[in-house]
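K.L.:
My questions are about this predicted structure, shown below with the sequence.
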Amino acid sequence: MSQNKTAISTKDAPAAIGPYSQAVRVGDTIYTSGQIPIDPATGDLVSGGITEQTTRVLENLKAVLGEAGIDLTHVIKTTVFLKDMKDFAAMNAIYARYFAPEGVVAPARSTVQVAALPKDALVEIDCIAKE
């Protein structure tokens, strides 16, 4: 049985720089690629620390999901990759504003520390959402 797979792409998030899609829709499920804190207007990593970088990552994810016709309230699972687990609290404060405003069920989440991220980013996040 073959699933119908459709690529999702927006100029409001960084372009894919390899053989991958910003996101893929299979049925009513959206799978995003990991987003790092690249400003889509400049193609550069945003300046600042974990707070600024987490904000940019989540804005990028929001743009990709918006192109798919949904928003962050549809996200059911995220994976957060941190360069340093010491940044967890600061990342979590920004993450909560986007994914867990009052009255919204927060998605399931895994958070891991990694040795390195593309462009020496401090954070990368991907997600799975349902329409």
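P.N.:
Perfect, I can see it now.
K.L.:
only C-alpha atoms for contact and neighbour calcs from this point on.
P.N.:
OK.
K.L.:
list the contacts for the residue lying closest to residue 117 once chain neighbours are set aside?
P.N.:
In this structure, residue 117 finds its nearest non-sequential neighbour in residue 83, 6.9 Å apart by CA to CA, 6 or more residues apart in numbering. Contact analysis of residue 83 by CA atoms under 8 Å, 6 or more residues apart in numbering lists 113-117, 121-123.
K.L.:
Next: residue 49.
P.N.:
Taking CA under 8 Å, 6+ apart, we find residue 49 in contact with residue 122.
K.L.:
what's the pLDDT at it?
P.N.:
The pLDDT attached to residue 49 in the predicted structure is 97.
K.L.:
Provide the backbone phi and psi angles at residue 51.
P.N.:
Backbone torsions of residue 51, given as degrees, to the nearest 10, read phi -60, psi -50.
K.L.:
just for the protein, where's the confidence low?
P.N.:
For the chain, the stretches with pLDDT under 70 are 1-2.
K.L.:
Show me the strands in it, by range?
P.N.:
Applying DSSP state E to the chain gives strands spanning 5-8, 23-26, 29-32, 75-82, 108-113, 123-130.
K.L.:
quick one: residue 127 from residue 47, how far?
P.N.:
Residue 127 sits 24 Å away from residue 47, taking CA to CA, to the nearest Å as the criterion.
K.L.:
So the two - more neighbours on which side?
P.N.:
residue 127 (23 against 11; other CA atoms under 10 Å).
K.L.:
re earlier: if I look at the residue nearest to residue 117, how far off is residue 129?
P.N.:
Distance of residue 83 to residue 129, given as CA to CA: 25 Å.
K.L.:
ditto for residue 122
P.N.:
24 Å.
K.L.:
More neighbours: these two, which one.
P.N.:
Counted by other CA under 10 Å, residue 122 and residue 129 do not tie: residue 122 has more neighbours, with 24 against 21.
K.L.:
shouldn't that one be in contact with residue 86?
P.N.:
No: at 10.8 Å, residue 122 does not count as touching residue 86 under the criterion of CA atoms under 8 Å.
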